[in-house]
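Q: Requesting a structural model of the entry that follows:
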Amino acid sequence: MSIAVLGATGGQGGAVVAALLEAGHPVRAVVRDPGGGRARSLAAAGAEVVPGDLFDAASLTDAFRGATAAFAVTTPFQDGLDAEVAQGTAIVRAAADAALPHLVMASVASADRETGVPHFETKARTEELLAASGLPATVVAPTYFYDNALGGLDEVAAGLLTMPVPGDTPIQQVARQDLGRVVAAVVAGPDRWIGQRVEVAGDDPTPLRMAAEIGRAAGGTVEFRQSSLEDLRTRNPDMFAMYDFFVNTGYQVDLAALRTQFPTVTWTSYAAWADAQDWPKPA
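A: Numbers count the residues shown, from 1 in each chain. Next comes the predicted model:
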(Lines give C-alpha, C1' and ligand atoms only; values in the text may rest on other atoms or scores of the structure.)
Protein backbone atom coordinates (compact mmCIF):
# COMPACT_ATOMS: atom_id res chain seq x y z
CA MET A 1 0.00 0.00 0.00
CA SER A 2 1.33 3.42 -1.01
CA ILE A 3 2.06 6.59 0.94
CA ALA A 4 0.28 9.50 -0.78
CA VAL A 5 2.26 12.75 -0.95
CA LEU A 6 0.55 16.04 -1.78
CA GLY A 7 2.63 18.81 -3.30
CA ALA A 8 5.02 16.16 -4.57
CA THR A 9 6.61 18.48 -7.14
CA GLY A 10 7.29 21.19 -4.53
CA GLY A 11 10.11 21.64 -2.06
CA GLN A 12 8.64 19.90 1.00
CA GLY A 13 6.65 17.28 -0.88
CA GLY A 14 9.58 16.49 -3.14
CA ALA A 15 11.85 15.96 -0.15
CA VAL A 16 9.26 13.64 1.42
CA VAL A 17 8.94 11.62 -1.81
CA ALA A 18 12.74 11.24 -1.98
CA ALA A 19 12.98 10.13 1.66
CA LEU A 20 10.13 7.63 1.34
CA LEU A 21 11.61 6.08 -1.80
CA GLU A 22 15.01 5.99 -0.09
CA ALA A 23 13.40 4.05 2.78
CA GLY A 24 11.74 1.60 0.39
CA HIS A 25 8.14 2.82 0.73
CA PRO A 26 5.82 2.75 -2.31
CA VAL A 27 4.87 6.37 -3.09
CA ARG A 28 1.77 7.82 -4.70
CA ALA A 29 2.76 11.31 -5.83
CA VAL A 30 -0.29 13.57 -6.02
CA VAL A 31 0.22 16.40 -8.50
CA ARG A 32 -1.90 18.93 -10.33
CA ASP A 33 -0.37 18.10 -13.72
CA PRO A 34 0.66 14.44 -14.09
CA GLY A 35 2.06 15.21 -17.54
CA GLY A 36 4.45 17.92 -16.38
CA GLY A 37 8.21 17.56 -16.38
CA ARG A 38 8.57 17.30 -12.60
CA ALA A 39 5.81 14.71 -12.42
CA ARG A 40 7.49 12.64 -15.12
CA SER A 41 10.72 12.80 -13.11
CA LEU A 42 8.89 11.43 -10.07
CA ALA A 43 7.51 8.58 -12.15
CA ALA A 44 10.99 7.83 -13.46
CA ALA A 45 12.23 7.69 -9.85
CA GLY A 46 9.67 5.00 -9.04
CA ALA A 47 6.62 6.90 -7.76
CA GLU A 48 3.06 6.30 -8.90
CA VAL A 49 1.80 9.67 -10.18
CA VAL A 50 -1.89 10.56 -9.80
CA PRO A 51 -3.85 13.81 -10.26
CA GLY A 52 -5.11 15.87 -7.35
CA ASP A 53 -5.99 19.49 -6.63
CA LEU A 54 -5.48 20.98 -3.16
CA PHE A 55 -8.77 22.89 -3.49
CA ASP A 56 -10.79 19.86 -4.63
CA ALA A 57 -11.64 17.50 -1.78
CA ALA A 58 -13.12 14.92 -4.15
CA SER A 59 -9.88 14.61 -6.13
CA LEU A 60 -7.89 14.30 -2.90
CA THR A 61 -10.27 11.64 -1.61
CA ASP A 62 -9.58 9.61 -4.75
CA ALA A 63 -5.83 10.10 -4.24
CA PHE A 64 -6.01 9.05 -0.58
CA ARG A 65 -8.26 6.03 -1.03
CA GLY A 66 -6.37 2.80 -0.39
CA ALA A 67 -3.21 4.57 0.86
CA THR A 68 -1.55 3.54 4.11
CA ALA A 69 -0.80 7.15 5.00
CA ALA A 70 -0.51 10.57 3.42
CA PHE A 71 1.69 13.63 3.76
CA ALA A 72 -0.07 16.92 3.11
CA VAL A 73 1.23 20.46 2.85
CA THR A 74 -0.55 23.78 2.28
CA THR A 75 0.83 27.10 1.08
CA PRO A 76 -0.32 30.74 1.11
CA PHE A 77 2.40 31.93 -1.25
CA GLN A 78 0.61 31.26 -4.54
CA ASP A 79 -3.06 32.04 -3.90
CA GLY A 80 -3.08 33.85 -0.55
CA LEU A 81 -3.88 33.23 3.10
CA ASP A 82 -7.57 32.43 2.65
CA ALA A 83 -6.63 29.91 -0.01
CA GLU A 84 -4.32 28.14 2.43
CA VAL A 85 -7.20 27.72 4.86
CA ALA A 86 -9.34 26.34 2.02
CA GLN A 87 -6.58 23.85 1.16
CA GLY A 88 -6.40 22.63 4.76
CA THR A 89 -10.18 22.24 4.88
CA ALA A 90 -10.19 20.19 1.67
CA ILE A 91 -7.37 17.95 2.91
CA VAL A 92 -9.04 17.17 6.25
CA ARG A 93 -12.36 16.47 4.55
CA ALA A 94 -10.72 14.19 1.99
CA ALA A 95 -8.83 12.24 4.66
CA ALA A 96 -12.10 11.66 6.51
CA ASP A 97 -14.01 10.67 3.36
CA ALA A 98 -11.25 8.23 2.34
CA ALA A 99 -10.97 6.76 5.86
CA LEU A 100 -7.24 7.45 5.65
CA PRO A 101 -5.37 5.46 8.34
CA HIS A 102 -2.77 8.18 9.05
CA LEU A 103 -2.52 11.81 7.89
CA VAL A 104 0.82 13.57 8.39
CA MET A 105 0.04 17.28 8.14
CA ALA A 106 2.78 19.83 7.55
CA SER A 107 2.52 23.00 9.61
CA VAL A 108 5.20 25.38 10.89
CA ALA A 109 7.04 25.44 14.21
CA SER A 110 5.40 27.79 16.76
CA ALA A 111 2.09 27.90 14.87
CA ASP A 112 0.44 26.78 18.11
CA ARG A 113 1.81 29.75 20.07
CA GLU A 114 -0.38 32.61 18.75
CA THR A 115 2.55 34.37 17.08
CA GLY A 116 0.40 36.69 14.97
CA VAL A 117 2.44 35.77 11.88
CA PRO A 118 -0.25 35.46 9.18
CA HIS A 119 1.07 32.33 7.47
CA PHE A 120 1.63 30.71 10.88
CA GLU A 121 -1.95 31.51 11.88
CA THR A 122 -3.46 29.93 8.75
CA LYS A 123 -1.61 26.71 9.52
CA ALA A 124 -2.81 26.93 13.13
CA ARG A 125 -6.39 27.02 11.84
CA THR A 126 -5.77 23.82 9.87
CA GLU A 127 -4.26 22.20 12.97
CA GLU A 128 -7.38 23.15 14.95
CA LEU A 129 -9.64 21.73 12.25
CA LEU A 130 -7.59 18.53 12.17
CA ALA A 131 -7.74 18.12 15.95
CA ALA A 132 -11.51 18.65 15.94
CA SER A 133 -11.95 16.04 13.20
CA GLY A 134 -10.66 13.20 15.37
CA LEU A 135 -8.68 11.81 12.44
CA PRO A 136 -5.59 9.67 13.14
CA ALA A 137 -2.96 12.28 12.41
CA THR A 138 0.47 13.67 13.18
CA VAL A 139 1.48 17.31 12.75
CA VAL A 140 5.06 17.83 11.53
CA ALA A 141 6.09 21.47 11.94
CA PRO A 142 9.40 22.58 10.40
CA THR A 143 11.19 25.82 11.16
CA TYR A 144 12.73 28.13 8.54
CA PHE A 145 14.38 26.22 5.68
CA TYR A 146 18.07 26.45 4.84
CA ASP A 147 16.91 26.45 1.22
CA ASN A 148 15.42 29.93 1.60
CA ALA A 149 18.95 31.28 1.15
CA LEU A 150 18.88 30.02 -2.45
CA GLY A 151 16.44 32.81 -3.28
CA GLY A 152 19.32 35.29 -2.97
CA LEU A 153 21.86 33.90 -5.43
CA ASP A 154 22.30 37.30 -7.10
CA GLU A 155 23.24 38.75 -3.73
CA VAL A 156 25.69 35.91 -3.09
CA ALA A 157 27.29 36.60 -6.47
CA ALA A 158 27.74 40.18 -5.30
CA GLY A 159 29.25 38.98 -2.01
CA LEU A 160 26.23 39.81 0.15
CA LEU A 161 23.63 38.17 2.37
CA THR A 162 20.88 40.49 3.59
CA MET A 163 18.17 39.80 6.17
CA PRO A 164 16.06 42.19 8.30
CA VAL A 165 17.38 40.82 11.60
CA PRO A 166 20.53 41.55 13.64
CA GLY A 167 23.50 39.47 12.58
CA ASP A 168 23.85 37.75 15.96
CA THR A 169 20.24 36.45 16.08
CA PRO A 170 20.10 32.63 16.09
CA ILE A 171 17.45 31.34 13.67
CA GLN A 172 16.48 27.68 13.97
CA GLN A 173 16.40 26.13 10.50
CA VAL A 174 16.27 22.75 8.78
CA ALA A 175 17.24 21.08 5.53
CA ARG A 176 14.28 19.88 3.49
CA GLN A 177 15.90 16.47 3.14
CA ASP A 178 15.91 16.11 6.95
CA LEU A 179 12.23 17.04 7.11
CA GLY A 180 11.59 14.32 4.53
CA ARG A 181 13.41 11.74 6.64
CA VAL A 182 11.45 12.72 9.75
CA VAL A 183 8.20 12.22 7.83
CA ALA A 184 9.45 8.82 6.60
CA ALA A 185 10.13 7.80 10.21
CA VAL A 186 6.70 9.04 11.32
CA VAL A 187 4.79 7.06 8.67
CA ALA A 188 6.86 3.97 9.51
CA GLY A 189 5.77 4.17 13.17
CA PRO A 190 2.14 5.32 13.25
CA ASP A 191 1.37 3.82 16.67
CA ARG A 192 4.05 6.02 18.22
CA TRP A 193 3.32 9.22 16.32
CA ILE A 194 -0.45 9.46 15.83
CA GLY A 195 -1.74 12.26 18.02
CA GLN A 196 1.68 13.94 18.28
CA ARG A 197 2.97 17.33 17.13
CA VAL A 198 6.63 17.28 16.06
CA GLU A 199 8.61 20.50 15.57
CA VAL A 200 11.65 20.06 13.33
CA ALA A 201 14.96 21.97 13.20
CA GLY A 202 18.50 20.90 12.40
CA ASP A 203 20.69 23.89 13.34
CA ASP A 204 20.41 27.45 14.64
CA PRO A 205 22.89 29.62 12.71
CA THR A 206 22.98 33.38 13.03
CA PRO A 207 22.93 35.45 9.82
CA LEU A 208 26.62 36.20 10.39
CA ARG A 209 27.39 32.47 10.46
CA MET A 210 25.15 31.87 7.46
CA ALA A 211 27.10 34.43 5.45
CA ALA A 212 30.43 32.96 6.54
CA GLU A 213 29.40 29.39 5.66
CA ILE A 214 27.97 30.38 2.29
CA GLY A 215 31.08 32.38 1.47
CA ARG A 216 33.35 29.50 2.43
CA ALA A 217 31.32 27.02 0.38
CA ALA A 218 31.17 29.42 -2.58
CA GLY A 219 34.91 30.02 -2.55
CA GLY A 220 34.85 33.68 -1.62
CA THR A 221 33.67 36.18 0.97
CA VAL A 222 30.02 36.88 1.67
CA GLU A 223 29.27 39.82 3.96
CA PHE A 224 26.11 39.96 6.04
CA ARG A 225 24.20 43.20 5.82
CA GLN A 226 21.13 43.89 7.97
CA SER A 227 18.27 45.27 5.90
CA SER A 228 15.40 47.36 7.25
CA LEU A 229 12.64 45.43 8.99
CA GLU A 230 10.44 48.52 9.13
CA ASP A 231 10.41 48.73 5.33
CA LEU A 232 8.49 45.43 5.30
CA ARG A 233 5.70 46.63 7.62
CA THR A 234 3.49 47.95 4.81
CA ARG A 235 5.17 46.35 1.81
CA ASN A 236 4.85 42.75 3.08
CA PRO A 237 3.08 42.52 6.47
CA ASP A 238 3.38 38.72 6.56
CA MET A 239 7.16 38.76 6.18
CA PHE A 240 7.39 41.72 8.58
CA ALA A 241 5.58 39.68 11.24
CA MET A 242 7.76 36.63 10.66
CA TYR A 243 11.08 38.46 10.91
CA ASP A 244 9.80 40.45 13.90
CA PHE A 245 9.02 37.08 15.51
CA PHE A 246 12.58 35.90 14.75
CA VAL A 247 14.02 39.01 16.40
CA ASN A 248 11.84 39.15 19.50
CA THR A 249 10.83 35.54 20.21
CA GLY A 250 12.17 32.88 17.84
CA TYR A 251 11.40 29.21 17.45
CA GLN A 252 11.88 27.01 20.51
CA VAL A 253 12.63 23.54 19.15
CA ASP A 254 14.51 21.28 21.57
CA LEU A 255 17.25 20.11 19.19
CA ALA A 256 18.73 17.57 21.59
CA ALA A 257 15.36 15.94 22.29
CA LEU A 258 14.58 15.83 18.58
CA ARG A 259 17.78 13.91 17.88
CA THR A 260 16.85 11.42 20.58
CA GLN A 261 13.40 10.95 19.05
CA PHE A 262 14.77 10.44 15.53
CA PRO A 263 18.12 8.63 15.92
CA THR A 264 18.10 7.36 12.32
CA VAL A 265 18.07 10.88 10.83
CA THR A 266 21.56 12.13 10.00
CA TRP A 267 20.93 15.77 10.81
CA THR A 268 22.43 18.22 8.34
CA SER A 269 24.28 21.21 9.76
CA TYR A 270 24.06 24.57 8.00
CA ALA A 271 27.71 24.22 6.98
CA ALA A 272 27.15 20.77 5.46
CA TRP A 273 24.08 22.01 3.61
CA ALA A 274 25.99 25.02 2.26
CA ASP A 275 28.77 22.73 1.05
CA ALA A 276 26.27 20.73 -1.01
CA GLN A 277 24.86 23.72 -2.92
CA ASP A 278 25.93 25.16 -6.27
CA TRP A 279 26.74 28.75 -5.36
CA PRO A 280 27.93 31.49 -7.73
CA LYS A 281 31.43 32.67 -6.86
CA PRO A 282 31.17 35.90 -4.86
CA ALA A 283 32.58 38.98 -6.57
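
Q: where does the stretch 51-200 of the chain dip in pLDDT?
A: The stretch 51-200 of the chain contains no residues with pLDDT under 70.

Q: And the strands in it?
A: Applying DSSP state E, counting those that start in this stretch to the stretch 51-200 of the chain gives strands spanning 69-72, 103-106, 137-142, 144-145, 160-163, 173-174, 197-200.

Q: Serialize those strands to CSV and add fields for mean neighbour count.
A: All C-beta spots, glycine's among them, are computed from the backbone N, C-alpha and C. What follows is the strands of the stretch 51-200 of the chain, written out as CSV (neighbours: other Cβ atoms under 10 Å):
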stretch, mean neighbour count
strand 69-72, 28
strand 103-106, 25
strand 137-142, 24
strand 144-145, 18
strand 160-163, 20
strand 173-174, 26
strand 197-200, 22
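
Q: Take those strands and write them to JSON lines, including distance to T221.
A: Formatted as JSON lines, the strands of the stretch 51-200 of the chain follow (distance: least, Cβ to Cβ, whole Å):
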{"stretch": "strand 69-72", "distance to T221": "39"}
{"stretch": "strand 103-106", "distance to T221": "36"}
{"stretch": "strand 137-142", "distance to T221": "30"}
{"stretch": "strand 144-145", "distance to T221": "24"}
{"stretch": "strand 160-163", "distance to T221": "10"}
{"stretch": "strand 173-174", "distance to T221": "22"}
{"stretch": "strand 197-200", "distance to T221": "31"}
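
Q: Those: which one's closest to D112?
A: strand 197-200 (7.0 Å; Cβ to Cβ).

Q: which residues sit against the closest one?
A: 107, 109-110, 112, 127, 138-143, 174, 178-179, 182, 186, 251, 253, 258, 261 (Cβ atoms under 8 Å, 6 or more residues apart in numbering).

Q: Among these, which lie within helices?
A: E127, D178, L179, V182, V186, L258, Q261 (DSSP state H).

Q: T143 versus the second one, what's the distance?
A: Translated: D178. 11 Å (Cβ to Cβ, to the nearest Å).

Q: try the last one
A: Between Q261 and T143 the computed distance is 16 Å (Cβ to Cβ).

Q: neighbour-wise, which of those two wins?
A: Between Q261 and T143, counting by other Cβ atoms under 10 Å, T143 is the more crowded of the two (23 against 15).
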